[in-house]
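**Q** here is my input, please return the structure:
(one chain, ligands or ions: 1)
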Amino acid sequence: LMPSDLLGADRALVRDPRQLKHLHEVHRAAQGDWLRIGVSNGLMGRGQLVRLEAEEAELVVTLDQPPPPKLPVTLLLALPRPKMLRRVLQTVASMGVSRLVLLNSQRVEKSFWQTPFLAPEAVQEQLLLGLEQACDTRLPEVQIEPRFKPFVEDRVPALVQDTLGLVAHPGNYPSCPWGLDLNQKITLAIGPEGGWIPYEVTKLQEVGLQPVQLGARILRVETAVAALLARLFSG
Ligand code: SAM
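**A** Next comes the predicted model:
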């Protein structure tokens, strides 16, 4: 199976006509059959056919090796420009983030919200590339929030409950913590290429996210995502 056929941890779809032809004509496969599968990220497993149609087959998959554990992180990320969005999605998936919220901010250009790369299939395609890199199979949840204020006021307080809330912002702030317990739940906000505006930092602080900095170097968004997550979960 190709990784683009994987759906979450334990389900896979086959849509590739060549593989379907093979299933129907060579294996003469039927519902209930068990198949040995190789996933192109190196994971191997077994799959039981639960549905077999002309244009699609569905399997319940058991992998030989479990995928690596996810990080208990909800990442609030100001929507990057389209070209960077694709790479950041791969980075977010490969680093094991559980949940990603693509959020608006003053310095996110309006045109970024029109990009075809935000379509669910396009987002999933990039996430799968990241998962493949990391030998993972579980997609992060992705939420798109084109309105900053209502999301932060109405939704973030519940999200931050029982988590450590951090907003990455360069400046004279406490240093981002290192090497937290892998079970420590975190809500982490990372700004746009032009940075958060002061109002946004204040709003995020009001709902429980503490500003933290990563040192004197200003990192591009994609690097900041990797640096923050590696630093928080260095174990
Ligand atoms: N000139 C912008 C500023 O001063 O905020 C730079 C924005 S940076 C390219 C994009 C985002 O990455 C920031 O909003 C922040 O969330 C994160 N970031 C990058 N470098 C950082 C640092 N040294 N400390 C904390 N956050 C950083």
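**Q** quick one: neighbours of residue 234, just the number.
**A** Residues near residue 234, counting by other Cβ atoms under 10 Å, number 9. Using the backbone N, CA and C atoms, a C-beta is placed for each residue, glycine as well.
**Q** so who does the closest residue to it other than its chain neighbours touch?
**A** Distances taken as Cβ to Cβ, 6 or more residues apart in numbering put residue 179 closest to residue 234, at 4.2 Å, once the chain neighbours are dropped. Neighbouring residues of residue 179 by Cβ atoms under 8 Å, 6 or more residues apart in numbering: 231, 232, 233, 234, 235.
**Q** let's see the pLDDT reported for residue 179.
**A** Looking at residue 179, its pLDDT reads 93.
**Q** mind checking how far the residue lying closest to residue 89 once chain neighbours are set aside is from the ligand?
**A** Leaving aside its sequence neighbours, residue 89 sits nearest to residue 126 (Cβ to Cβ, 6+ apart; 3.7 Å). To the ligand, residue 126 is 19 Å away according to Cβ to the nearest ligand atom, to the nearest Å.
**Q** state the pLDDT value of residue 126.
**A** Predicted confidence (pLDDT) for residue 126: 93.
**Q** and if you look at residue 68?
**A** pLDDT at residue 68 comes out at 85.
**Q** what does residue 175 give?
**A** So residue 175 comes in at 97 (pLDDT).
**Q** burial count for it?
**A** Residue 175: 10 neighbours (other Cβ under 10 Å).
**Q** hey, what's it bridged with?
**A** residue 213 (DSSP bridges).
**Q** contacts only, for it.
**A** Residues in contact with residue 175 (Cβ under 8 Å, 6+ apart) are 212, 213, 214, 215.
**Q** residues contacting the closest residue to residue 174 other than its chain neighbours?
**A** Leaving aside its chain neighbours, residue 174 sits nearest to residue 212 (5.7 Å; criterion: Cβ to Cβ, 6+ apart). Residues near residue 212 by Cβ under 8 Å, 6+ apart: 166, 167, 168, 169, 173, 174, 175, 176, 177.
**Q** next: residue 98.
**A** Residues near residue 98 by Cβ under 8 Å, 6+ apart: 70, 71, 72, 73, 74, 140, 141.
**Q** list buried residues within the residues you listed.
**A** Among the contacts of residue 98, those classed as buried by neighbour count (16 or more other Cβ atoms under 10 Å) are 70, 71, 72, 73, 74, 140.
**Q** mind checking which of the residues you listed land in strands?
**A** Counting by DSSP state E, those place 71, 72, 73, 74 in strands.
**Q** beta partners of the last one?
**A** Beta-bridge pairing for residue 74 (DSSP bridges): residue 99, residue 187.
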